[in-house]
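>>> I would like to see how this sequence folds:
(one chain, ligands or ions: 1)
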Amino acid sequence: MLVEQAREGFKELFGRPAAGIVFAPGRVNLVGEHTDYNDGFVLPMGVERGIALAYAPRTDDVLRVHSADVPQTRDLLLTQLRHRVTAEPDRRGQRGGWFAYVAGVAWSMLGAAMEIRGTDIALVSDLPMGAGLSSSAALEVGIARALAAAADLEWDPRAAALLAQRAEREFAGVACGIMDQLAVASAKEGHALLIDCRSLETLDVPLPHGMTVVVFDSGVKRDLATSAYNDRRESCERVVEQVRLRHPQVTALRDVTRAMLDEAQGSVSADDYRRALHVIEENPRPALLAAALGKRDLSAAGRTMLDSHASLRDLYAVSTPELDALVEAASSHAGCHGARLTGAGFGGCVVAIADTPEVESLVARVTDAYRATCGRETRAVVTRASAGARIVS
Ligand code: GLA
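Residues are numbered from 1 along each chain as shown. Next up is the predicted model:
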């Protein structure tokens with residue numbers, strides 16, 4: 001459907017057929033939150049929703065992109081970006097909004113000496129924007145995939161994820177980790193991806209039959225670029241600095257044990273201590289959840305997710321009353337094994353795992369409970385694990 005919409009949209013707008021179509025999925029993280037920028041572990045998967053991008057190369061140096069969702073057509077001259085690839089990115093007129101991600105990716109690819117060329121792109125998405133399913137990473141990686149295909153360049157998902165992350169950091173001003181971009185680029189159908197964010201090694205974790213992943217959108221928009229995310233990150237860095245005074249081998253919270261943290265307790269603030277403790281305790285959870293899924297032990301899997309949520313709520317302080325209400329409503333249903341906020345927090349979505357035959361009644365229960373407790377509507381996305389950014393036609 002989405003693919004057809006992109007194809008038709010392209011033809012209508014640019015008056016010629018698209019050369020190809022890329023689909024880039026959103027992602028949902030099963031566990032391992034705020035661990036990626038601490039060199040730790042995460043366990044995301046691709047979702048069935050995403051962005052379809054119809055593309056065709058041009059003969060000049062213009063990158064022109066139409067987003068059907070905004071709706072808006074924007075363009076830039078690659079030559080202008082090219083002049084600045086070694087210096088500061090030229091953010092004038094490009095900062096903010098969806099096009100910043102597009103410009104950022106083109107800038108980042110040129111900076112890596114990739115010979116991208118003028119391209120027309122028409123894109124359409126069925127991912128809720130800014131809801132914690134990584135619409136921005138899907139856009140970045142999708143644009144990279146389309147630009148690479150239009151210029152006949154080789155596709156390396158890991159390298160593309162790093163370029164997309166650079167774009168997000170430089171052009172959108174979010175000091176994000178690598179999880180979203182790597183998940184969107186490398187996800188595997190039917191699997192979650194256990195990622196070591198230090199080595200960038202990944203392990204495919206098959207999801208058990210009979211289990212379904214449900215995402216509940218709180219409907220509360222969060223702005224990732226607000227200070228809260230970068231502020232958490234700075235807390236982590238301050239703690240690492242203190243621990244390093246006694247343990248110089250430590251380079252990230254991933255290397256810090258509870259005992260090391262306790263040694264430094266007197267020299268860090270109470271907030272920083274709690275935040276670091278979350279990261280240290282969250283870091284083993286992706287492997288624990290992967291093992292539980294491997295054994296089809298859904299109760300253990302669910303407990304790990306609930307522990308993660310409690311820690312994000314009480315220690316890292318990134319939950320909201322709406323997310324807590326969704327987790328509470330989902331996890332009190334007998335067919336649901338566990339639930340937690342997913343993504344950065346401060347609004348966005350909750351992810352739950354449930355027995356497949358129970359999904360309908362779970363969605364009904366959570367919808368009613370959310371309306372009753374928060375006076376809001378939730379949108380539920382029931383999804384299988386989908387493959388990463390790919391050419392679909
Ligand atoms: C956002 C960032 C990710 C990660 C999560 C929290 O989604 O883009 O890199 O830090 O928040 O786990």
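>>> how about the helices of the stretch 1-150 of the chain, start to end?
Counting by DSSP state H, counting those that start in this stretch, the stretch 1-150 of the chain has helices at residues 2-14, 78-82, 97-111, 135-150.
>>> of those helices, which stretch is the most buried?
Between the helices of the stretch 1-150 of the chain, helix 135-150 has the highest mean count of neighbours, a mean of 29, where neighbours are mean count of other C-beta atoms under 10 Å. No exception for glycine: its C-beta is placed from N, CA and C like everyone else's.
>>> pLDDT averaged over that helix - what is it?
Mean per-residue pLDDT for helix 135-150: 97.
>>> next, the angle from it to helix 97-111.
50 degrees (axes from the mean of the first three to the mean of the last three C-alpha atoms, to 10 degrees).
>>> please name every helix or strand in contact with helix 135-150.
strand 20-29, strand 44-57, helix 97-111, strand 119-125, helix 157-172, helix 179-186, strand 390-391 (3 or more C-beta pairs under 8 Å, 6 or more residues apart in numbering; DSSP states H and E).
>>> looking at these, which is nearest to the ligand?
helix 179-186 (4.5 Å; C-beta to the nearest ligand atom).
>>> does the closest one come close to the ligand?
Yes: Helix 179-186 reaches the ligand (C-beta under 6 Å from any ligand atom) through Met179, Asp180.
>>> what residues does that helix touch?
24-27, 29, 32, 36, 42, 44-46, 134, 136-138, 140-142, 157-158, 160-162, 164-165, 168, 193, 195, 197, 200, 202, 388-389 (C-beta atoms under 8 Å, 6 or more residues apart in numbering).
>>> after it, which helix or strand is next? Please name it.
Sequence-wise, the next helix or strand downstream of helix 179-186 (DSSP states H and E) is strand 191-196.
>>> which parts of the stretch 51-200 of the chain sit against the ligand?
Within the stretch 51-200 of the chain, the positions lying close to the ligand (C-beta under 6 Å from any ligand atom) are Cys176, Gly177, Met179, Asp180.
>>> hang on, the earlier thing: got a PyMOL select line for the buried ones in the contacts of helix 179-186?
Applied in PyMOL, the following selects the buried portion of the contacts of helix 179-186 according to 16 or more other C-beta atoms under 10 Å:
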select buried, resi 24+25+26+27+29+32+36+42+44+45+46+134+136+137+138+140+141+142+157+160+161+162+164+165+168+193+195+197+202+388+389
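>>> anything in stretch 347-359 near the ligand?
No: Stretch 347-359 does not reach the ligand (C-beta under 6 Å from any ligand atom); its nearest approach is 8.6 Å.
>>> I appreciate the help and will end here.
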